[in-house]
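K.L.:
I would like the atomic coordinates for the input below:
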Amino acid sequence: MAIKINKTLIFYVIGKFLLVSKSGRVEKSVEAHRGAVLSGRWSYDGSAMATAGEDGQVKIWSRSGMLRSTLAQTGTPVYSISWSPDSNQVLLTNSKQLIIKSLQANVKPVQWKAHDGVILKVDWNPSNNLILSGGEDCKYKVWDSYGRQMFSSHPHDYPITSVSWAPDGELFAIGSFNTLRLCDKTGWSHALEKPNTGSIYSIAWSADGTQIAGACGNGHVIFGHMIERRLEWKNFEVVNSSRKTIVVREVINEAIEKLEFRDSIIKMSLSFGYLVVVTSSQCFIYSTKNLNTPTIFDLKEGTVTLIVQAEKHFALVVSTGVNIYSYEGRLISSPKFQGMRLDTLNMMSLSVSNDTVAIRDKSNEKLVHVFDASNGKALDSKPIQHNLEVLEVALDHCGPPAERHLAIVDKNRDLYLSAVRTFGKGPRIVKLGNMITSLAWNDTTNMLAALQDSKLFVLFYPNAVYVDKDILPKTIYIKDTSDFGKNPQIVSFVGNHVTIRRADGALVSTGIVPYPAMLHELVGSGRWDDAVRLCRFVKDPVLWACMATMAAYAKDLSTAEVAYAAIDEADKVQYILHIKEIPLKEARNAEMALFCGNAQDAEGILLQANLVFRAIMMNINLYNWDRALELAVKNKTHVDTVLAHRQKFLEMFDKKETSKRFTNFSQEVEVNWENVQTKMEAEYQREREGPASKPYKK
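P.N.:
So this is what the prediction gives:
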């Protein structure tokens with residue numbers, strides 16, 4: 001048995017392990033365990049190794065073979081171990097149980113019963129952070145790092161003797177007696193082979209994830225190559241039919257194109273009208289409109305482990321960094337941050353849009369780093385920080401850069417929406433839902449589909465959460481997904497179709513009504529009258545709710561008034577009518593910001609326009625007394641107005657003044673309610689008659 005790490009191999013013999021150079025010279029022989037050494041693994045950062053033996057001990061060693069510590073001592077043989085992605089914990093088997101033991105002495109281990117028989121093999125993938133186990137109960141299972149079961153297979157005929165994740169975490173291989181099975185990370189089987197080899201005791205993947213090797217009980221080593229990988233986008237189907245061949249089929253007119261390559265195909269991706277194919281030495285970019293003339297450029301920076309596409313460009317993750325390329329093959333940028341772990345990046349931790357790149361930080365999973373795609377520079381001095389570990393990030397694709405949003409799923413499976421460009425203020429992170437198992441943004445509009453507790457729900461206008469939280473539930477389409485089985489996953493959300501993969505691997509497509517997408521298009525082009533006509537034709541409250549929040553966000557008061565009236569929101573219609581009567585545009589914008597719940601933004605708009613009186617009155621109406629007095633004192637105006645309203649407020653509730661600041665000013669400033677009312681009316685009159693007065697017009 002051998003494990004490769006830089007230039008050193010470990011060979012196990014009874015009770016010992018040997019450090020052997022790549023040239024075959026034995027550098028060191030170490031007495032490690034009493035009885036056989038059953039398992040050994042290098043940490044992912046290469047700084048240490050762990051061994052496990054028949055004596056029930058797990059030991060941590062330095063690179064040079066010096067014993068650092070005895071991490072665990074169990075009463076039964078430890079058949080298999082694996083390091084955590086951060087190399088700070090070790091997963092070990094203990095009969096029927098799995099144990100996650102931290103290298104820190106005073107951290108309580110995580111332990112759970114995983115199988116009904118002795119566990120023989122485990123593997124922990126650094127990319128998806130999922131655990132794979134197989135045992136004498138003839139089952140293989142997938143777990144998350146908290147011990148929650150994600151998948152359990154049906155019993156096989158023989159014990160599971162080997163398990164191994166592919167480097168990118170998208171696939172895993174299972175070995176048993178005369179059996180080699182290839183599975184998706186969610187558990188369903190891609191392929192099953194029955195080689196006449198006896199039990200397969202160990203499986204290893206090539207660095208590019210295209211080949212596997214298996215050590216067999218009959219003394220042979222078997223090799224396999226990944227083929228028949230399949231991609232679908234709209235009316236195109238792409239199949240990796242052999243190591244160097246791809247077949248593209250256009251299903252409408254039955255046109256078939258066969259693409260031949262000089263080198264082995266490593267990765268391929270199909271989306272946004274482009275097919276990106278990566279071989280061991282080159283990258284090929286095909287337009288679905290013309291497959292005969294690809295754009296080709298050489299790869300000089302190692303193996304590509306991930307392709308992520310957006311409408312205008314795509315990202316390649318290689319061993320040296322994340323590179324953003326245009327579809328003409330031009331390198332645009334290479335975003336990076338200190339401590340970035342390239343080996344852990346996957347579709348859930350890296351997201352790309354037309355103008356933004358978002359990367360979850362593996363060293364601190366509460367952080368999401370956001371970059372400008374055009375130059376690779378961070379958009380803010382600090383990354384977006386969530387209060388829990390982030391499992392998945394996804395950027396929306398449409399709209400201007402200033403309105404870019406990031407969907408976040410945390411370890412509690414709660415869904416949040418965060419603004420990306422915050423212009424000096426901290427990002428507003430707002431909760432959208434809970435118990436989310438899968439999500440996807442639409443490719444042409446900013447609609448968001450998610451799976452939640454056997455239901456598919458589509459947020460037709462997620463930005464409504466920033467406009468009117470009360471209306472948000474009315475903008476959601478919900479569909480039962482119990483027919484899709486347990487643990488379905490969203491594959492794509494293209495046009496009006498959501499493609500879902502069932503637990504058995506079958507792809508199913510479900511449609512949604514086309515009207516929200518049409519509404520997005522009309523509003524995006526400023527055709528408000530046509531948008532209202534569409535809503536009146538469809539007569540759907542969900543569409544009217546979307547229209548209301550879209551109009552409120554765009555500050556189109558007349559359309560917002562019509563839409564809110566259509567869904568019987570009389571109080572909001574009345575407030576919008578009040579806003580329309582305000583003579584100053586800046587004051588109307590501030591009131592709309594207040595309508596959307598952004599009091600800080602509203603005050604900023606007023607102060608920037610030098611409307612100090614309105615800023616003071618806004619804080620009075622919100623009962624922000626200290627802030628109202630602070631503005632009045634700072635600007636030396638309307639101090640008596642604040643004091644008068646404060647007195648009226650206290651009298652209404654029969655309370656006495658408790659604030660020393662207000663008491664002191666009440667003694668210094670004479671308060672006359674009639675004079676205050678006269679001053680207020682004079683301010684409003686000045687606004688109506690001033691040169692900046694512009695009555696609202698649609």
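K.L.:
Run through who's touching the lengthiest helix in the chain.
P.N.:
Of all segments of type helix in the chain, defined using DSSP state H, the longest is helix 673-689. The list of residues contacting helix 673-689 from outside it, by Cβ atoms under 8 Å, 6 or more residues apart in numbering, reads 583, 584, 587, 613, 617, 638, 640, 641, 644, 645, 648, 693. No exception for glycine: its C-beta is placed from N, CA and C like everyone else's.
K.L.:
and the residues you listed, which are buried?
P.N.:
583, 584, 587, 613, 617, 638, 640, 641, 644, 645 (16 or more other Cβ atoms under 10 Å).
K.L.:
and of those residues, the nearest to residue 316?
P.N.:
Proximity of those to residue 316, judged by Cβ to Cβ, is greatest for residue 587, which lies at 49.9 Å.
K.L.:
Quick one: residues in contact with stretch 93-110.
P.N.:
58, 60, 69, 71-72, 74, 76, 78-81, 84, 88-92, 111-120, 122, 131, 133, 135, 143, 145-147.
K.L.:
Quick one: mean pLDDT over that stretch.
P.N.:
Model confidence over stretch 93-110, given as mean pLDDT, is 92.
K.L.:
Then stretch 565-580?
P.N.:
91.
K.L.:
next one: stretch 225-233
P.N.:
Mean per-residue pLDDT for stretch 225-233: 88.
K.L.:
gap between the two ends of that stretch?
P.N.:
Here the two ends of stretch 225-233 are set 25 Å apart, with distance taken as Cα to Cα, to the nearest Å.
K.L.:
Check the offset of it from the chain's centre.
P.N.:
Its chain's C-alpha centre and that of stretch 225-233 lie 24 Å apart, by Cα atoms, centre = their mean, to the nearest Å.
K.L.:
What are the contacting residues of it?
P.N.:
171, 182, 190-191, 209-211, 237-243, 264, 268-271, 275, 288, 492, 494, 499, 507.
K.L.:
Help me confirm that residue 649 comes into contact with residue 623.
P.N.:
Yes - taking Cβ atoms under 8 Å as the definition, residue 649 is a contact partner of residue 623 at 7.4 Å.
K.L.:
Spit out the contact partners of residue 280.
P.N.:
Contacts for residue 280 were tallied using Cβ under 8 Å, 6+ apart; they are 208, 263, 264, 266, 303.
K.L.:
from those, which ones fall inside strands?
P.N.:
Assignment to strands by DSSP state E places the following of the contacts of residue 280 there: residue 266.
K.L.:
From the contacts of residue 280, list just the buried residues.
P.N.:
Neighbour-count burial within the contacts of residue 280 applies to 208, 264, 266, 303; the criterion is 16+ other Cβ under 10 Å.
K.L.:
and these, which two are the farthest apart?
P.N.:
264 and 303 (11.1 Å).
K.L.:
want to throw the contacts of helix 673-689 into JSON lines with pLDDT?
P.N.:
Written out in JSON lines, the entries for the contacts of helix 673-689 read as follows (pLDDT from 0 to 100):
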{"residue": "583", "pLDDT": "86"}
{"residue": "584", "pLDDT": "85"}
{"residue": "587", "pLDDT": "87"}
{"residue": "613", "pLDDT": "90"}
{"residue": "617", "pLDDT": "90"}
{"residue": "638", "pLDDT": "89"}
{"residue": "640", "pLDDT": "89"}
{"residue": "641", "pLDDT": "90"}
{"residue": "644", "pLDDT": "89"}
{"residue": "645", "pLDDT": "91"}
{"residue": "648", "pLDDT": "89"}
{"residue": "693", "pLDDT": "69"}
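K.L.:
Kindly reformat these as JSON lines containing secondary structure and distance to residue 227.
P.N.:
Compiled in JSON lines, these are given as follows (DSSP: H, G, I helix; E, B strand; the rest coil; distance: Cβ to Cβ, whole Å):
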{"residue": "583", "secondary structure": "coil", "distance to residue 227": "71"}
{"residue": "584", "secondary structure": "coil", "distance to residue 227": "68"}
{"residue": "587", "secondary structure": "helix", "distance to residue 227": "66"}
{"residue": "613", "secondary structure": "helix", "distance to residue 227": "73"}
{"residue": "617", "secondary structure": "helix", "distance to residue 227": "71"}
{"residue": "638", "secondary structure": "coil", "distance to residue 227": "77"}
{"residue": "640", "secondary structure": "helix", "distance to residue 227": "83"}
{"residue": "641", "secondary structure": "helix", "distance to residue 227": "78"}
{"residue": "644", "secondary structure": "helix", "distance to residue 227": "81"}
{"residue": "645", "secondary structure": "helix", "distance to residue 227": "76"}
{"residue": "648", "secondary structure": "helix", "distance to residue 227": "80"}
{"residue": "693", "secondary structure": "coil", "distance to residue 227": "72"}
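K.L.:
wait, which of those residues is closest to residue 479?
P.N.:
residue 587 (43.1 Å).
K.L.:
How about that closest one, nearest residue that isn't a chain neighbour?
P.N.:
Setting aside the residues directly before and after it, residue 587 is nearest to residue 614 in space (Cβ to Cβ, 6 or more residues apart in numbering), at 5.5 Å.
K.L.:
May I ask which helix or strand of the chain has the lowest mean pLDDT?
P.N.:
Ranked by mean pLDDT, DSSP states H and E, the weakest helix or strand in the chain is strand 4-5, scoring a mean of 33.
K.L.:
Would you mind naming the residues that bridge with the residue positioned nearest the centre of the chain?
P.N.:
When Cα atoms, centre = their mean is applied to the chain, the residue found nearest the centroid is residue 393 (1.5 Å). Taking DSSP bridges, one finds residue 408 as the beta-bridge partners of residue 393.
K.L.:
Now do it, the pLDDT please.
P.N.:
For residue 393, the model assigns a pLDDT of 95.
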